[in-house]
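Novice: I would like to see how this sequence folds:
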Amino acid sequence: MKKIAKFVFAAGFYAASTLAGFATTSKPTIVLVHGAFADSSSWNHVVSRLEKDGYPVLAAANPLRGVKSDGEYVARILKSVKTPLVLVGHSYGGSVISSAATNVSNVKALVFVSAFAPVLGESAATLSGKNPGSTLGSTLDEPVVLPDGTKDLYINQRKFPEQFAADVPLATARLMAVGQRPITDAALAEPASNAAWEKTPSWFVYGEADKNIPPQTLKWMADRAKSKKTVAIKGASHVVMISHPDEVTKLIEAAASE
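Specialist: Model prediction:
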């Protein structure tokens, strides 16, 4: 037990020291929030570029349980960091960062990466169906029914590469399919109760070959948010941060520099 207690103390001290250390840099901390069917490793290529350029980075583990609860979880992480913050959300993570940033005063910018930017009352499900083009529904596997009656959703592993990551090397996409994180159907249907992008400057980047969220909808959300800059990448899939990390990193750094 003493060894366990020492380990817990050491881990907590390390985390606190790391977060406190961010306050010594003049650059804002970049907080990356993944979306459904992904995990924090989806940001790896972006993280390496940001760190090379001197930015402190956190990649939050998004619970994928519900917009409000996920937003509250991320907000608790944000309140541990005292530097200015740039929040970056992918896909469903866009809804989460827009919720999380509402009551965090040091958030200076939001970056939406193939991501939802809902207003009050909108959900990921309603936005994805706003325009034709999303083929996600037909690629979902048999759901896992949870004790409370909600369902965990996965993309069928065989269909995952073409649906989610068509411009990623096939071997990598297959690994992503095996390691995907499920999201609840309730989370996708939950209406947004906050919209931080209405008051916080926002940037958008997305792929023009996105099969999860129709590109027309992504452009419409960027225009509605009066995006400071919108980058549409020709031929890019839903995971532009993996297939086009240079462009995504450049946009994040532009948001951080303003």
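Novice: what's the closest non-adjacent residue to Ala101?
Specialist: The shortest distance from Ala101 to any non-neighbouring residue, by CB to CB, 6 or more residues apart in numbering, is to Ala196 (3.7 Å). (C-beta placed from N, C-alpha, C; glycine too.)
Novice: Just give the number of residues close to the one you found.
Specialist: 21 (other CB atoms under 10 Å).
Novice: which residues sit in contact with it?
Specialist: Residues in contact with Ala196 (CB atoms under 8 Å, 6 or more residues apart in numbering) are Ile97, Ser98, Ser99, Ala100, Ala101, Thr102, Val107, Leu110.
Novice: Would you map the strands across the protein?
Specialist: 29-33, 57-60, 85-90, 107-113, 144-145, 151-153, 183-184, 202-207, 230-233 (DSSP state E).
Novice: Give me the sheet partners of the fifth one and which way each runs.
Specialist: Strand 144-145 pairs in its sheet with strand 151-153 (antiparallel), by DSSP bridges.
Novice: Going by neighbour count, list what's buried in the partner strand.
Specialist: Using 16 or more other CB atoms under 10 Å as the burial criterion, the residues of strand 151-153 that qualify are Lys151, Asp152, Leu153.
Novice: what mean pLDDT would you report for that strand?
Specialist: For strand 151-153, the mean per-residue pLDDT is 98.
Novice: Ala177 contacts Gln157, doesn't it?
Specialist: Yes. Counting by CB atoms under 8 Å, Ala177 touches Gln157, with 4.3 Å between them.
Novice: Give me the more crowded residue out of those two.
Specialist: Counting neighbours by other CB under 10 Å for Ala177 and for Gln157 shows that Ala177 has the greater number, 20 against 13.
Novice: Let me see the contact set for the residue nearest to that one when sequence neighbours are not counted.
Specialist: Distance criterion CB to CB, 6+ apart; nearest residue to Ala177, sequence neighbours excluded, is Phe160 at 3.5 Å. Applying CB under 8 Å, 6+ apart, we find Phe160 in contact with Phe37, Thr139, Ala173, Arg174, Met176, Ala177, Gln180.
Novice: Then Ala124?
Specialist: So Ala124 contacts Tyr92, Ser95, Phe116, Pro118, Ala187, Leu188, Ala189 (CB under 8 Å, 6+ apart).
Novice: Could you report the pLDDT at the nearest residue to Gly35 once chain neighbours are set aside?
Specialist: Nearest residue to Gly35, sequence neighbours excluded (CB to CB, 6+ apart): Ser91, at 2.9 Å. Note on Ser91: pLDDT of 98.
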